[in-house]
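Undergrad: dropping the sequence and predicted coords here.
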Protein chains: 2
Amino acid sequence: MYDAAKLEAERRAVEKAIDRWLPGPDDYPEKIHEAIRYSVTGGGKRLRPIMALAATRALGLDEQSIIRCACAIEYVHCCSLVLDDLPSMDDARLRRGRATTHRVFGVATAILAADALLMHAFRLVADNGVTVGADGEAMAAAVRDLATAVGSYGMVGGQHVDLETASGGPIDAETLEYIQTRKTGSLFAVAATIGGTLLGAPPPSLDTLRGYAMKLGFGYQIADDILDAVGDERVVGKDVGKDQGKASFVTLHGVDAARKAASELLSAADRSLDELEGDVSLLRAIVAHCLDRGE
Amino acid sequence: MYDAAKLEAERRAVEKAIDRWLPGPDDYPEKIHEAIRYSVTGGGKRLRPIMALAATRALGLDEQSIIRCACAIEYVHCCSLVLDDLPSMDDARLRRGRATTHRVFGVATAILAADALLMHAFRLVADNGVTVGADGEAMAAAVRDLATAVGSYGMVGGQHVDLETASGGPIDAETLEYIQTRKTGSLFAVAATIGGTLLGAPPPSLDTLRGYAMKLGFGYQIADDILDAVGDERVVGKDVGKDQGKASFVTLHGVDAARKAASELLSAADRSLDELEGDVSLLRAIVAHCLDRGE
């Protein structure tokens, strides 16, 4: 078994930072900031910010120096969840066991809060770049990587194709891989590299981390499909079966093949870490967590 | 009369750049990129990118070196229009004389295209920072300024309060000013300063430009309220009267007082340009255009 306690300790530490770096709940307009806070603080595994810290540690760099970037990645993730849940998208009732943001605050406020959260994330990345003394190139790379991961060649593209194919019957494996890598892998890849990018880590190490994160992201998404197909709402904390008409690795290949693919991807992610010289134990714990999840 | 031909020549030049710096229309997923292009290329006065170029010129700097930033500001503006028009927000049928993006592409695609456009803008600002050799601080300031102008303390905040007060009867002048300055002034201010920020202009000159843009933005918004109250749909190119139940300077103070306030703000914006030593003629032409509009 992997060190679940280790991940849990990291999660608790990162949870505090996630709260700390949000805009104040009493800032005007209060309702937007309340909606932002609701969207972010509803729990979650916080894998992405933990990955950002773990990857920076694996490069032998000071992970606490990029804590704002780690939080920014989680805020971007929460932004994407709020948008995915909208009535015009997945029309979800529940997220992390609670009512979705638009059901509590209304659709307009949910959209505005999601975009405000996204903007807050970019501000934090910029601020963090200044505190670590990043030069213009490093700062630009961090901003560009994050914007690309979210935009039409990243998460937005993945979500769009996901919605387009949702009601269209069977899709091919290539399209499915596009959706999965864009919806999860893109942001995982930025999580794993943004610290090193701002701190000037060597490009080959960043490539290794990017490869790790892409494999992990795809494996993680397949594990998620498995959970959605076989889990129950109480455990998963969101609408189970909601995605059942939608393209997934499970609907395309079946549960057994999905388990095998997830396992292979996650093992490959784990092996890729051999190329790094720093402390990769936390990155391996994340792999183990994902492996455990898809079983 | 102001030099309308001068502004029109600038608009045509900037129109080409706006087209040039968009993502390719054939990029996958095509429909998102089609929706992005539709949202951006429907015409418009292009005041914000022209202002970005004009302000950079007024600082004695090479305006063409920051053309991508100028386009980015327009993309952000178009993103905000797509979101404002959504059924859950202003529920607008027409924008610039054409069907609104969500009516052509559906609500989900409109939201995704808007966010993709926003991300594209940040990527362009980062890229442009690299091409002009901006250092880390300048790059961070440009990104932070843009993110702040869009986020919960800027346009998102303004739109939220605007929606909240839309159906709530009379509002006070302070709340109205909050809405107006956030919805228009915030982005005007970034437009007027982003070039100088990336190119390392002296802070006092940037403060002057910021003040100019905030006054202009407020005056412009009041002129817009006047047009909305007295214009007709053919001229305005969007749903006239749609905003009539909403708070506006006109509903609060009447048309005459609105005309006076717009005129005073725009004159103050014009006077503030005396502090700059570069070529401010184009910035003055923008003021004159706004003055003309509100009459």
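TA: Cool, the structure landed.

Undergrad: who are the neighbours in contact with A:Tyr153?
TA: A:Arg182, B:Pro23, B:Asp27 (CB atoms under 8 Å, 6 or more residues apart in numbering or on different chains). In this view, the C-beta of every residue, glycine as well, is placed from N, C-alpha and C.

Undergrad: mind giving me the ChimeraX command for buried ones among those?
TA: Buried residues among the contacts of A:Tyr153 (16 or more other CB atoms under 10 Å in any protein chain shown), as a ChimeraX selection:
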select /A:182 /B:23
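
Undergrad: adding pLDDT, distance to B:Leu124 and secondary structure, write the contacts of A:Tyr153 out as TSV.
TA: TSV is the format used below for the contacts of A:Tyr153 (pLDDT from 0 to 100; distance: CB to CB, whole Å; DSSP: H, G, I helix; E, B strand; the rest coil):
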residue	pLDDT	distance to B:Leu124	secondary structure
A:Arg182	93	21	helix
B:Pro23	95	10	coil
B:Asp27	93	15	coil
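
Undergrad: name the nearest residue to A:Pro87, ignoring sequence neighbours.
TA: In this structure, A:Pro87 finds its nearest non-sequential neighbour in A:Val107, 6.4 Å apart by CB to CB, 6 or more residues apart in numbering or on different chains.

Undergrad: the one you found and B:Ala285, how far apart?
TA: Using CB to CB, to the nearest Å, A:Val107 is found at 40 Å from B:Ala285.

Undergrad: what's the answer for A:Thr251, then?
TA: A:Thr251 is 59 Å from B:Ala285, by CB to CB.

Undergrad: same thing with A:His102?
TA: Where B:Ala285 is concerned, A:His102 sits at a distance of 43 Å (CB to CB).

Undergrad: which elements pack onto the longest helix along chain A?
TA: Determined from DSSP state H, the single longest helix within chain A is helix A:203-230. The contact analysis (3 or more CB pairs under 8 Å, 6 or more residues apart in numbering or on different chains; DSSP states H and E) places helix A:203-230 against helix A:47-58, helix A:173-180, helix A:186-198, helix A:233-236, helix A:249-253, helix A:255-272, helix A:281-293.

Undergrad: and those: which comes nearest chain B?
TA: For chain B, the closest of the helices and strands packed on helix A:203-230 is helix A:173-180, at 8.1 Å, according to CB to the nearest CB.

Undergrad: got a list of what A:Glu63 touches?
TA: A:Ala52, A:Leu53, A:Ala54, A:Thr56, A:Arg57, A:Ala70, A:Gly195.

Undergrad: ugh, wrong one, I meant A:Ile222
TA: Counted by CB under 8 Å, 6+ apart, A:Ile222 has contacts A:Gln180, A:Phe249, A:Val250, A:Ala258, A:Ala261, A:Ala262, A:Leu265, A:Gly294.

Undergrad: among these, show me the least confident.
TA: Within the contacts of A:Ile222, A:Gly294 has the lowest pLDDT, namely 59.

Undergrad: what angle separates the longest helix of chain A from helix A:173-180?
TA: Counting by axes from the mean of the first three to the mean of the last three CA atoms, to 10 degrees, helix A:203-230 lies at 100 degrees to helix A:173-180.

Undergrad: any idea of the mean pLDDT in helix A:203-230?
TA: The model assigns helix A:203-230 a mean pLDDT of 93.

Undergrad: now do the helix or strand encompassing A:Ala17 against helix A:281-293, angle only.
TA: Element membership for A:Ala17 (DSSP states H and E) is helix A:4-20. Orientation check (the same axes, to 10 degrees): helix A:4-20 against helix A:281-293 gives 110 degrees.

Undergrad: quick one on the thing from earlier: lowest mean pLDDT across the helices and strands packed on helix A:203-230, which one is that?
TA: Per-stretch mean pLDDT for these is lowest at helix A:233-236 (a mean of 51).

Undergrad: remind me which residues of the stretch 51-200 of chain A are low pLDDT?
TA: A:167-169 (pLDDT under 70).

Undergrad: repeat that for 90
TA: A:96, A:164-173, A:180 (pLDDT under 90).

Undergrad: what segments of it are helices?
TA: In the stretch 51-200 of chain A, helices defined by DSSP state H, counting those that start in this stretch lie at A:67-84, A:101-105, A:107-131, A:136-150, A:155-166, A:173-180, A:186-198, listed in chain order.

Undergrad: please see if the fourth one touches chain B.
TA: Yes. With CB under 8 Å from any CB of the partner chain as the measure, helix A:136-150 is seen reaching chain B through A:Gly136, A:Glu137, A:Ala138, A:Met139, A:Ala140, A:Ala141, A:Val143, A:Arg144, A:Leu146, A:Ala147, A:Thr148, A:Val150.

Undergrad: what's the closest of the residues you listed to A:Asp127?
TA: The closest of the residues of helix A:136-150 next to chain B to A:Asp127 turns out to be A:Met139 (CB to CB; 10.7 Å).

Undergrad: excluding sequence neighbours, find me the nearest residue to A:Gly106.
TA: Here the residue nearest A:Gly106, using CB to CB, 6+ apart, is B:Ser88, at 7.3 Å.

Undergrad: related to what we said a few turns ago, list the buried ones in the longest helix of chain A?
TA: Going by neighbour count (16+ other CB under 10 Å), the buried part of helix A:203-230 is A:205-206, A:208-229.

Undergrad: kindly report the same for stretch A:22-33.
TA: A:Leu22, A:Pro23, A:Pro29, A:Lys31, A:Ile32, A:His33.

Undergrad: up against chain B, what does the stretch 151-295 of chain A have?
TA: Taking CB under 8 Å from any CB as the contact definition, the stretch 151-295 of chain A meets chain B at A:Gly151, A:Ser152, A:Tyr153, A:Gly154, A:Val156, A:Gly157, A:Gln159, A:His160, A:Val161, A:Leu163, A:Glu164.

Undergrad: now do 10 Å
TA: A:151-161, A:163-164, A:175, A:178, A:182, A:198 (CB under 10 Å from any CB of the partner chain).

Undergrad: residue in the stretch 1-150 of chain A nearest to chain B?
TA: For the stretch 1-150 of chain A, CB to the nearest CB, closest residue to chain B: A:Met119, 3.3 Å.

Undergrad: how far away is the closest residue to that residue other than its chain neighbours from B:Glu30?
TA: Spatial nearest neighbour of A:Met119, chain neighbours left out: B:Gly151 (3.3 Å); criterion: CB to CB, 6+ apart. Per CB to CB, B:Gly151 is found 30 Å from B:Glu30.

Undergrad: could you do A:Gly157 as well?
TA: 10 Å.

Undergrad: A:Arg95 now?
TA: From A:Arg95 to B:Glu30 the distance is 30 Å (CB to CB).

Undergrad: cool, A:Arg284 as well?
TA: 40 Å.

Undergrad: can I get the residues of helix A:136-150 next to chain B in JSON lines with neighbour count?
TA: JSON lines is the format used below for those (neighbours: other CB atoms under 10 Å in any protein chain shown):
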{"residue": "A:Gly136", "neighbour count": "21"}
{"residue": "A:Glu137", "neighbour count": "18"}
{"residue": "A:Ala138", "neighbour count": "20"}
{"residue": "A:Met139", "neighbour count": "30"}
{"residue": "A:Ala140", "neighbour count": "27"}
{"residue": "A:Ala141", "neighbour count": "21"}
{"residue": "A:Val143", "neighbour count": "27"}
{"residue": "A:Arg144", "neighbour count": "20"}
{"residue": "A:Leu146", "neighbour count": "29"}
{"residue": "A:Ala147", "neighbour count": "27"}
{"residue": "A:Thr148", "neighbour count": "20"}
{"residue": "A:Val150", "neighbour count": "28"}
